[in-house]
Structure formats: C-alpha cells, structure tokens
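Asker: Next comes the sequence, and after it the predicted model I'd like to discuss.
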Amino acid sequence: MRLRPLGILLVLTSAAAGLTAIPSASSFAALPGTQAQSQPQGQQQITVGVGLVNIYATVRDNHKAVVANLEKADFRIFEDSVEQKVAFFSRENTLPLTMGVLLDTSGSEAPMLGAVQQAASQFLGRVMQKKDEAMVITFDLDVDMLADWTNDVPTLNRAIRRARINTAGGGGPVTPGPFPTSGRGGTNFYDAVYLACHDKMATEAGRKALIIITDAEDTGSKLKLEDAIEAAQKTDTVIHILLVADPRGGVFGTGGGDMGVARRLAEETGGRAIDVRNEKELLKAFDQISEELRSEYQLGYYSTNTKHDGTYRHIKVETTNKDNRVLTRKGYYSKTDEN
C-alpha cells in the first residue's frame with residue numbers, strides 16, 4: 001500500500017445485499033483472537049519517529065466559524081499537563097487527502113440509504129482534488145470493500161450506488177465479507193472501525209480520518225468500543241460521525257441512535273459528531289467536514305517524556321484566544337524499544 005500525506009475514511013451506514021467484495025479474504029488481517037490474525041500486536045502501534053509528535057488541528061471561534069489565520073505563536077500544546085515547545089507549524093489547506101467511504105448498510109439505515117448515497121457522491125465530487133484518493137467500504141453483518149484506493153470519482157460513485165441494505169432475518173440475502181465477523185448476527189460497527197484503522201489506515205502517512213454516517217448502534221461486533229477507539233488512536237485516525245437517526249421514527253430514520261457512542265469516538269480521536277435529522281442537514285454536515293479538512297493546521301513537538309514505554313500520552317491543544325475551540329486528537333501511543 002502506498003504512503004500518502006493525508007488519509008480519510010468516510011464511513012456511512014447502510015448494508016450490501018448480493019455484493020461481491022473487491023479484495024479477497026486473504027487481503028485483510030483478522031480480528032484479534034481469530035486464527036487468521038497475521039500481524040503481531042506491536043505492529044498496530046503508531047511509531048513516533050525520534051520523539052516527534054505530529055498533530056492536525058482545526059480551530060473554530062465562539063460563533064463556530066473556522067479560524068484560518070493563526071500563527072505558530074498562537075498555539076500552546078500540553079502532554080500529560082506538561083507544556084511542550086511547538087517545534088513545527090504549517091497551514092495544511094492544500095494537503096492531499098486519502099478518503100474512505102464506509103457505508104453502514106444495516107437494516108436500521110434503510111429509510112435514508114438513498115439520501116446518504118447521493119450526499120456521499122456529492123461530497124466526493126466537491127472535496128476530491130487531483131492528488132486525492134478514496135475507497136468505499138460497507139458494514140452490516142460483515143465488512144466488505146467495494147472500491148480500494150483510487151482517485152477516479154466515477155469508480156467511487158459506482159461503488160456507492162452498489163450498496164444495498166442487508167435484510168438478513170427479513171427475507172433478504174446475506175453476503176459474506178472479506179473481514180472476519182463475530183457471527184452474532186448484528187451490526188458490526190466497532191469491528192468495522194477497528195479493521196478499517198488496523199488494516200487500511202495503519203500504513204498510511206499523515207492525517208487519516210473516518211467519516212461515519214451511522215446511528216452508532218452496534219449489535220454484533222466481536223470487539224468493544226474501547227478497541228475501536230484504541231485502533232484509531234494507534235493509527236492517528238480521526239473519526240467524524242454524522243449521526244443519521246430520527247428519535248421520532250420518522251421517514252429519515254428509524255431510531256434515536258447512540259449519540260454517546262458517536263461523541264466518544266469523535267472526541268477521543270479529534271473529530272466531530274454531528275446530529276443529522278434530514279437531507280438538508282446531511283448536506284450541511286458534509287460541507288462542515290469538508291471545510292475543516294481544507295482548513296487545518298499541522299503542529300509538531302518533541303515530547304519531553306523520552307521513555308519508550310508504549311504508554312498512552314494525553315494531549316491538549318489550545319490557543320492564546322480562550323474563545324477559540326481547537327479540534328484535535330486527545331492523545332497518542334508512544335513508541336517502544338521493540339519498534
């Protein structure tokens with residue numbers, strides 16, 4: 001897999017009936033504890049070269065407008081409450097993106113699949129530039145890849161249109177995917193996040209993000225929410241979630257969704273959780289994510305904690321203007337002597 005400066009995995013919810021996965025099962029590592037697992041646990045951790053910690057951040061003011069004119073001196077970084085010296089600074093508004101579209105195709109998302117597909121295609125058409133690449137993945141009872149890394153927007157759009165709701169238990173077909181599943185007969189949301197980060201994002205360089213359109217309800221994963229968060233943190237993957245669920249049981253959704261899960265996944269990794277109630281809000285949410293991806297700051301510092309113990313280090317980034325809100329990851333895993 002080629003290294004690219006910026007990676008994004010766009011995750012949408014809906015299920016694929018009768019789909020043929022592009023890669024074979026042997027192309028992906030298994031979940032922890034399964035026979036197909038091929039990588040040592042240590043290889044999952046992100047390695048911070050010579051103590052340098054890279055951070056991508058988006059800043060909004062108290063009116064929620066993006067702040068794009070800050071300088072190096074405007075930022076302060078803390079690791080485990082100890083202030084760090086900002087050694088590197090740049091504005092990354094033209095940095096290439098490597099985006100993934102991960103469609104949750106479980107039955108609960110059936111009422112809004114068409115709107116999700118249309119909005120995702122429009123998003124890719126607006127945000128993708130010449131040097132960008134993307135992929136498309138679906139998850140429900142299993143996890144399927146519909147399009148691997150490519151910069152061809154029509155190919156990605158065709159993959160998005162092939163997504164179908166998995167109606168297992170309701171008379172529809174069930175398609176086995178290339179990723180191993182728990183076999184519990186539910187939505188493998190956490191497994192999909194873990195596998196997307198561990199198998200597809202681990203070898204990507206720079207900023208990586210999952211953009212997830214889902215009700216954030218997991219009913220079948222082998223892994224836990226904490227496993228999904230850890231996989232994202234160890235691969236420097238930012239998670240943005242567009243929560244598509246209507247608590248009133250209206251036409252755009254069938255349930256209230258789990259905003260607590262969505263918010264935790266997003267906040268722990270430096271992303272945002274946006275509650276979406278209709279098609280207009282869905283398009284607006286995509287616009288907000290697109291704006292943030294193109295209005296980032298890259299910061300770097302050399303940690304004063306020189307231990308190579310593999311521990312999780314908490315990060316806090318703030319600006320000299322206390323009214324600003326900085327969106328960035330909450331921490332990273334330090335390297336060990338073995339990697």
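Answerer: Now that the structure is in, tell me what you want to look at.

Asker: gap between the residue nearest the centre of the chain and Asn69?
Answerer: Nearest to the mean C-alpha position of the chain, by CA atoms, centre = their mean, lies Leu210 at 1.5 Å. Separation of Leu210 from Asn69 (CB to CB, to the nearest Å): 28 Å. From N, CA and C alone the C-beta is placed, and that goes for glycine too.

Asker: before we move on, what about Leu243?
Answerer: Taken as CB to CB, the span from Leu243 to Asn69 is 31 Å.

Asker: more neighbours, those two?
Answerer: It is Leu243, of Leu243 and Asn69, that has more neighbours when counted by other CB atoms under 10 Å, with 25 against 8.

Asker: So the more buried one sits against Thr214, correct?
Answerer: Yes - counting by CB atoms under 8 Å, Thr214 is a contact partner of Leu243 at 7.0 Å.

Asker: Now for the chain, the helix or strand with the poorest mean pLDDT.
Answerer: Within the chain, no helix or strand scores below strand 6-13, which has a mean of 52 by mean pLDDT, DSSP states H and E.

Asker: Following element in sequence after it, please.
Answerer: strand 52-60 (DSSP states H and E).

Asker: so how far is that following strand off the chain centroid?
Answerer: Relative to its chain's centre, strand 52-60 lies at 16 Å (CA atoms, centre = their mean, to the nearest Å).

Asker: Ok, stretch 320-334 next?
Answerer: From the chain centre to the centre of stretch 320-334 is a distance of 18 Å (CA atoms, centre = their mean).

Asker: Take it, keep the C-alpha atoms, and write them as CSV.
Answerer: Extracted C-alpha coordinates of stretch 320-334, given in CSV (Å, rounded to 0.1, in the frame of the first residue of the first chain):
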residue,chain,number,x,y,z
THR,A,320,-4.0,32.2,23.2
ASN,A,321,-7.6,33.3,22.5
LYS,A,322,-9.6,31.4,25.0
ASP,A,323,-12.8,31.8,23.0
ASN,A,324,-11.4,29.5,20.3
ARG,A,325,-12.2,25.8,20.3
VAL,A,326,-9.4,23.5,19.0
LEU,A,327,-10.5,20.2,17.4
THR,A,328,-7.6,17.7,17.6
ARG,A,329,-6.9,14.2,18.9
LYS,A,330,-6.7,13.7,22.7
GLY,A,331,-3.5,11.7,22.7
TYR,A,332,-1.1,9.2,21.2
TYR,A,333,0.7,6.0,22.0
SER,A,334,4.5,6.3,22.4
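
Asker: Just to check, Val53 is in contact with Thr304?
Answerer: No - Val53 is not in contact with Thr304 according to CB under 8 Å; the separation is 10.7 Å.

Asker: and these two? which has more neighbours close in?
Answerer: Val53 (23 against 12).

Asker: in the sheet, who's paired with Val326?
Answerer: With DSSP bridges as the criterion, Val326 is bridged to Val59.

Asker: how about the helices in the protein?
Answerer: 113-127, 153-162, 189-195, 225-234, 259-269, 279-293 (DSSP state H).

Asker: and the last one, what other elements does it pack with?
Answerer: Right, helix 279-293. Under the contact definition 3 or more CB pairs under 8 Å, 6 or more residues apart in numbering; DSSP states H and E, helix 279-293 sits against helix 113-127, strand 207-214, strand 237-244, strand 273-276.

Asker: Just list whatever residues bridge to Asn54.
Answerer: Gly300.

Asker: distance of it from Gln233?
Answerer: Distance of Asn54 to Gln233, given as CB to CB: 14 Å.

Asker: Compare these two (neighbour count), which wins?
Answerer: Gln233 (22 against 17).

Asker: Contacts only, for that one.
Answerer: 46, 268-269, 312, 329, 331-333 (CB atoms under 8 Å, 6 or more residues apart in numbering).

Asker: ok, now Ala228?
Answerer: Taking CB under 8 Å, 6+ apart, we find Ala228 in contact with 189-191, 193-194, 197, 265.

Asker: how does it look with 10 Å?
Answerer: By CB atoms under 10 Å, 6 or more residues apart in numbering, Ala228 lies in contact with 189-198, 210, 218, 221, 239, 261, 264-265, 268-269.

Asker: Check Phe123 too.
Answerer: 10, 12, 99, 101, 211, 282-283, 285-287, 289-290.
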